[in-house]
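Enquirer: based on what follows, work out the 3D shape:
(chains A and B)
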Amino acid sequence: GQSLEQPSEVTAVEGAIVQINCTYQTSGFYGLSWYQQHDGGAPTFLSYNALDGLEETGRFSSFLSRSDSYGYLLLQELQMKDSASYFCAVLNTGGFKTIFGAGTRLFVKA
Amino acid sequence: DSGVTQTPKHLITATGQRVTLRCSPRSGDLSVYWYQQSLDQGLQFLIQYYNGEERAKGNILERFSAQQFPDLHSELNLSSLELGDSALYFCASSVPRTGTAGYTFGSGTRLTVV
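Expert: Here you go, the predicted structure:
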């Protein structure tokens, strides 16, 4: 079977840094993705990690450790508009399907 | 506009009925994916098509079926609808068949079964 675990909720202050962790168990692993979804909206792709290490894209960074089956999304200089749900997602071996975690709801306070 | 078009945006129907959800992928994308999102839940993978062929299947109910047509648009058919089928249904597309560059999602079809 396969499962992904991430915190259900995280609250942070505007301008701060927040880290959303994700651990996964899967019979086959190809890569880890992160998506953002605002209420009532469509998920939007943020990042993809296939190899160990940190990938940086503007204020967002994503990290992967394949040996620990662990990754995180780091959001810096938080803005109110970052309030949304964030999903980690595992792309399975063969790369034909992406399994999503239950999502972490991020609340950014002024 | 993400480039992935889903119709209709909203659908209200009665239990036992059958509905068809339609998705047009972003221009140039060959892979189409269907996901179900129930209230405050994650995205449940249903099925993937690549260039007209089924490539991967998730926990898709037998009452549900899908296909991808030669023009690459896809349809998700839901039959014998139950109250629990009420959800947001998303279609996504990607360029490479493995989706390593991420998926582009449509705005979804909100299905309400009454």
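
Enquirer: and residue A:27, helix, strand or coil?
Expert: Using DSSP: H, G, I helix; E, B strand; the rest coil, the structure places residue A:27 in coil.

Enquirer: now it. Nearest residue, chain neighbours left out?
Expert: Distances taken as Cβ to Cβ, 6 or more residues apart in numbering or on different chains place residue A:2 nearest to residue A:27, at 6.3 Å, with adjacent residues excluded. To be clear about C-beta, it is placed using only N, CA and C from the backbone, and glycine gets the same treatment.

Enquirer: same question, residue A:62
Expert: Once flanking residues are discounted, residue A:62 sits nearest to residue A:47: 4.0 Å by Cβ to Cβ, 6+ apart.

Enquirer: related to what we said a few turns ago, now do the contacts for the residue nearest to residue A:27.
Expert: If a contact means Cβ atoms under 8 Å, 6 or more residues apart in numbering or on different chains, then residue A:2 has A:24, A:25, A:26, A:27, A:90, A:92, A:99 as its contacts.

Enquirer: of those residues, keep whichever come out buried.
Expert: Using 16 or more other Cβ atoms under 10 Å in any protein chain shown as the burial test, the contacts of residue A:2 include A:24, A:26, A:90, A:92, A:99 as buried.

Enquirer: at the geometric centre of chain B, which residue sits there?
Expert: residue B:34 (3.2 Å; Cα atoms, centre = their mean).

Enquirer: quick revisit: between the contacts of residue A:2, which is nearest chain B?
Expert: Ranked by distance to chain B (Cβ to the nearest Cβ), those are led by residue A:99 at 5.9 Å.

Enquirer: okay, that closest one: pLDDT?
Expert: Among the per-residue scores, residue A:99 holds a pLDDT of 89.

Enquirer: how about it, secondary structure?
Expert: Using three-state DSSP, the structure places residue A:99 in strand.

Enquirer: gap between it and residue B:20?
Expert: Residue A:99 sits 26 Å away from residue B:20, going by Cβ to Cβ, to the nearest Å.

Enquirer: re earlier: where's the dip in pLDDT among the buried ones among the contacts of residue A:2?
Expert: Among the buried ones among the contacts of residue A:2, pLDDT bottoms out at residue A:92, giving 81.
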